[in-house]
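Participant: no FASTA, just this:
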């Protein structure tokens, strides 16, 4: 059964499993389950209201809450309204439902952060209208995924399959794989300085989820490419590289805008270098050559992706969390 364009899709027929990797992503997502309320915001509220953050740090937090609050809605809409409809394999669809749930958790996270800090919702959720670097990233992705959101779009025929993969790359590789990562690096850098640790911990969880979403998306794209090799011609590969370059430009502009003066020991140019490093990893995942050759300026970011959390019931905060189904008893 192909992963798209199956002649018949029975949502009740999960067996036999045709794509074990899709099933494994679902199981991993369940094992990583979390909710924002598990993370205490008490210290964050104290720092926010006491003047412990300087003007640049306040700007960094607000810019990232503003971008991610709208970006998560965009990603959820893409899954529910478009991607799920065109992916006809049952186990891949099961993971998409899990991903949609995780996007809802991420949306709830920003509600929780805004409520805890006493922020004005309209100020945060309308930042994409006021801040050009946020608006431009959102507009870029909306334009890239326009086809799959068209109710009349179908994936039959080489041109349409290629268009679908083009939009999947826009959604998974550019949006979730590049546009999120400068913000992740900023918030985790702030956490490493023992500032806004609660929000930073939630961003760690979100990044772990998004890393899984990205990996699934790349496997989905590569599977469609393998099953439809005619779509992956030189012209299309060049177009993908060009889109990645454009996304890097937007994200570097956002990084400099959100954190113009850097953080203690981290200048804004390092965040731009990290975007280039991430872009090369995304190209390699699609079997395309690296474009930048920039070394990773933040090796500590990899540790956050590998985060394993378990609840410490003797503390009021979450320190290590993993669902019971994922624990191994000896």
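Facilitator: Everything's here; your move. Predicted model only: the values in this text are computed from it and were never measured.
Participant: by mean pLDDT, flag the weakest helix or strand of this structure.
Facilitator: One helix or strand of the chain scores below all others by mean pLDDT, DSSP states H and E: strand 321, with a mean of 40.
Participant: for the nearest residue to residue 92 once chain neighbours are set aside, give me its contacts.
Facilitator: Of all residues not flanking residue 92 in the chain, residue 22 sits nearest, at 4.4 Å (Cβ to Cβ, 6 or more residues apart in numbering). In this view, the C-beta of every residue, glycine as well, is placed from N, C-alpha and C. Counting by Cβ atoms under 8 Å, 6 or more residues apart in numbering, residue 22 touches 89, 91-92, 94-95, 216, 219-220.
Participant: again, 10 Å this time
Facilitator: For residue 22, the contacting residues are 3, 87, 89-96, 216, 219-220, 223, by Cβ atoms under 10 Å, 6 or more residues apart in numbering.
Participant: wait, residue 49 sits on residue 43?
Facilitator: No: under the criterion of Cβ atoms under 10 Å, residue 49 makes no contact with residue 43, lying 11.1 Å away.
Participant: any idea how far the closest residue to residue 279 other than its chain neighbours lies from residue 275?
Facilitator: Among residues not flanking residue 279 along the chain, residue 248 sits closest, at 4.8 Å (Cβ to Cβ, 6+ apart). The gap separating residue 248 from residue 275 is 6 Å, by Cβ to Cβ, to the nearest Å.
Participant: contact partners of stretch 116-124?
Facilitator: Stretch 116-124 has contacts (Cβ under 10 Å, 6+ apart) with 36, 39-42, 44-45, 47-49, 61-62, 65-70, 110-111, 113-115, 125-126, 130, 196, 198-199.
Participant: report pLDDT for residue 80.
Facilitator: On pLDDT, residue 80 comes in at 80.
Participant: kindly report the same for residue 328.
Facilitator: Predicted confidence (pLDDT) for residue 328: 38.
Participant: swap in residue 171?
Facilitator: pLDDT, residue 171: 89.
Participant: which residues of this structure fall in helices?
Facilitator: All helices of the chain, identified by DSSP state H, fall at 20-31, 42-50, 55-78, 84-86, 90-117, 121-125, 127-130, 132-144, 158-168, 181-192, 197-227, 234-258, 268-285, 301-305.
Participant: right, so of those, which gets closest to residue 151?
Facilitator: Ranking these by proximity to residue 151 (Cβ to Cβ) places helix 84-86 first, at 9.1 Å.
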